[in-house]
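Colleague: Everything below, folded, please.
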Amino acid sequence: MVQLNDSNEDVGEPHEEVTYDPDTGTYSRRSNWTDGETPSLSVAATVAAATETPVEQLRPLAEVIDTDALDRTFAPSSGAASRYPSTSVSFRYEGCHVTVYADGRTVVFRR
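Modeller: Here you go, the predicted structure:
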């Protein structure tokens, strides 16, 4: 795996590094959604790294998926990770196939 420097991050916000797996051709990021980062922010950061595009130049994620619903689905208070650990949501965004998992992973395959 190759760790990428995610220069698209907002200063002061907690973010994990995006990694690239050349064997699978995927970019991934593991987040702890109890520290304030949301799934929608993780998606934007991971897709930005995968497409080498600054976050602010990406199409608004809300044009593709209901970001409030995505964030609520995986919110720590929803208990999805503990009750339904295999829960995931997949969709296309910015030419990528994106999957968000209940365990905090965001995986992006660039098409």
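Colleague: And stretch 54-72, what's buried?
Modeller: 55, 58, 61, 65, 67, 70-71 (16 or more other CB atoms under 10 Å). Just so you know, the C-beta spots here come from the backbone N, C-alpha and C atoms, and that holds for glycine as well.
Colleague: Let me see the mean pLDDT of that stretch.
Modeller: Confidence for stretch 54-72, expressed as mean pLDDT, is 96.
Colleague: hmm, back to that, relative to Arg105, which of the buried residues of stretch 54-72 is nearest.
Modeller: Nearest to Arg105 out of the buried residues of stretch 54-72 is Leu70 (CB to CB; 14.0 Å).
Colleague: what's the strand or helix carrying the closest one in contact with?
Modeller: Assigned by DSSP states H and E, Leu70 belongs to helix 67-73. Helix 67-73 is contacted from outside by 38-40, 43, 61, 78, 80, 87, 89, 100, using CB atoms under 8 Å, 6 or more residues apart in numbering.
Colleague: so which of these is the most crowded?
Modeller: When neighbours are counted by other CB atoms under 10 Å, Val43 leads the contacts of helix 67-73 with 28 neighbours.
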